[in-house]
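Return atomic coordinates for the entry below.
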Amino acid sequence: MFSRVLIANRGEIALRIIRACHELGIQAVVVYSEADKDASYLQIADDAICIGPAAPAKSYLNIPAIISAAEIADVDAIHPGYGFLAENAHFAEVCIECGITFIGPNPESMHQLGDKVAAREIAKKARVPVVPGSEGEIKDESEAVKIANKIGYPVIIKAAAGGGGRGMRVAHNDISLHKAFGTAKSEAEAAFKNGTLYIEKFIVEPRHVEVQVMADKSGNAIHFYERDCTIQRRHQKLIEESPCPVLDEKTREELCKSALRLIKEANYHSAATVEFLLDKDESFYFIEVNTRIQVEHPVSELVTGQDLIKWQIKVASGQTLDLRQRDIKHTGVAMECRINAEDPARGYASCPGRIDKFIVPGGPGVRVDTHIYQGAMVSPHYDSLIAKLIVHQPTRQEAIATMKRALREFKIEPIKTTIPGHLAILSHNLFVKNQVDTGFIEHHMG
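Numbers count the residues shown, from 1 in each chain. From the prediction side, this is the model:
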């Protein structure tokens, strides 16, 4: 087991990893930017090192600065959290070259699964259903039109190196496809320095379902069941829950087994999330793999009673999974709301600023993951996530009731947050009845 781990991240995930390290008897070293010098979690870390000014490119994305901090702190390993460098294969390679363990997958797996075209080929080899589409990269607009006419409109163009909805466009005919191709390519080149595109059939009114997996370096892999992430805005998740409320047991079992087959085919180790689209007939199609821990991992922790961050650290240290699939039991319903410093009444515009009132909800079945405190500043330089509010109850109806109660208790002032938006979603008749798809926010919430 490691003796000292450096956390190359900030915010609630940095605090989450510090706590996991301490419970494993590991010293936790955290890096921070000048903008985060007053962060609460710096007080409980065993060491804290400033790595640069507020701009991410000069701090949390600055690989030389992070490696220098790791060497100064004399750590065994680096945990990247999520975001920033978490899925950067080059960063993982640099860690290895410097004799520091990267708490995540090997760079080869990251390269393979980070490229959506390559990941699709791995899925097909593993007998995992994929959305009909191009066999690989589409070279130009004429090829895109030819494929679209073969598989039928609507289609979606995606960046092979994409994420977060960037480099992604839907087309309903040849004319709109020409425009979408150019826009997606330009966006992909700007965001990922990689303009490679591929094309898929656009699944109408799907649900977004993902499977949480963990694999060790000895080839063992287990899943922690699925999460439904259908409620999202512009491909950014707002509410996550487990189990998926519309899956029957047979489909759930095949979905989870498919995720494990893919992970084993990729010779993958560490935590990962295998993501799928679920159509109205409960047919599922692989879309991508996130090669890191997810924001919504607490949902899976609550329904299975397992600590995924601890498992991620144990696996990276070389320990084998001493769990078998039959040991992982799913109990009750868990649901997470991401509380962001955004104003739903103004198109979810960012609302950075000082928090003068911060009252956290509690009670049976309520968990709050946050690094914020009264008097803290929400920086305009980073993601607007303030807290993750997670509830766990025996039934979905009870989980919704507890979540609504907890949201009303949560006081964050004077900045605007997404709490009113969450309450509106949770009270919507279609959400309560499980009659939603990934376009729910755009079509029903204004």
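
Could I get the contacting residues of Ala70?
6, 29, 78, 95, 98, 100 (C-beta atoms under 8 Å, 6 or more residues apart in numbering). (Each C-beta comes from the backbone N, C-alpha and C, glycine too.)

So it: helix, strand or coil?
For Ala70, the reduced secondary structure class is helix; criterion used: DSSP: H, G, I helix; E, B strand; the rest coil.

Nearest residue to it in space, ignoring adjacent ones along the chain?
Distances taken as C-beta to C-beta, 6 or more residues apart in numbering place Leu6 nearest to Ala70, at 4.7 Å, with adjacent residues excluded.

For that neighbour, give its distance to Ala65.
With the distance defined as C-beta to C-beta, to the nearest Å, Leu6 ends up 12 Å from Ala65.

One more: Asp74?
As judged by C-beta to C-beta, Asp74 and Ala65 stand 16 Å apart.

Of the contacts of Ala70, which is the nearest to Leu197?
Within the contacts of Ala70, distances to Leu197 taken as C-beta to C-beta reach their minimum at Cys95, with 30.5 Å.

and the closest one, what helix or strand is that in?
With elements delineated by DSSP states H and E, Cys95 resides in helix 89-97, which encompasses its position.

Buried residues of stretch 265-277, list them for me.
Across stretch 265-277, burial judged by 16 or more other C-beta atoms under 10 Å covers 265-266, 268-277.

Correction: the previous question concerned stretch 222-242.
By neighbour count with 16+ other C-beta under 10 Å, stretch 222-242 contains the buried residues 222-233, 237-242.

Same question for stretch 426-445.
Residues 426, 428, 431, 436-438, 440-441 are the ones in stretch 426-445 that count as buried (16+ other C-beta under 10 Å).

and Arg227, bridged to which residues?
Partner residues in beta bridges with Arg227: Glu210, with DSSP bridges as the criterion.

any idea how far it is from Ile328?
Using C-beta to C-beta, one obtains 14 Å as the distance from Arg227 to Ile328.

try Asp76
Here Asp76 is placed at a distance of 28 Å from Ile328 (C-beta to C-beta).

picking that back up, cross the buried residues of stretch 426-445 against helices and list the overlap.
Here DSSP state H is the test, and those give 426, 431, 440-441 as lying in helices.

from those, which has minimum pLDDT?
Comparing pLDDT over these singles out Ile441 as the least confident position, at 93.

which residue packs closest to it, ignoring adjacent ones?
Nearest residue to Ile441, sequence neighbours excluded (C-beta to C-beta, 6+ apart): Arg233, at 4.5 Å.

got it, and Ala424?
When the adjacent residues along the chain are set aside, Ala424 lies closest to Met445, with 6.5 Å between them (C-beta to C-beta, 6+ apart).

same thing with Cys21?
Nearest residue to Cys21, sequence neighbours excluded (C-beta to C-beta, 6+ apart): Ala28, at 4.1 Å.

Tell me the secondary structure at that neighbour.
Per three-state DSSP, the local secondary structure of Ala28 is strand.

Can you report how many residues lie near it?
Other residues near Ala28 come to 25 when the count uses other C-beta atoms under 10 Å.

so it bridges to which residues?
Listed by DSSP bridges, the beta-bridge partners for Ala28 are Val5.

how about the buried residues of stretch 426-445 in TSV, adding distance to Tyr41?
Conversion of the buried residues of stretch 426-445 to TSV gives the following (distance: C-beta to C-beta, whole Å):
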residue	distance to Tyr41
Leu426	30
His428	35
Phe431	34
Val436	35
Asp437	37
Thr438	34
Phe440	34
Ile441	32
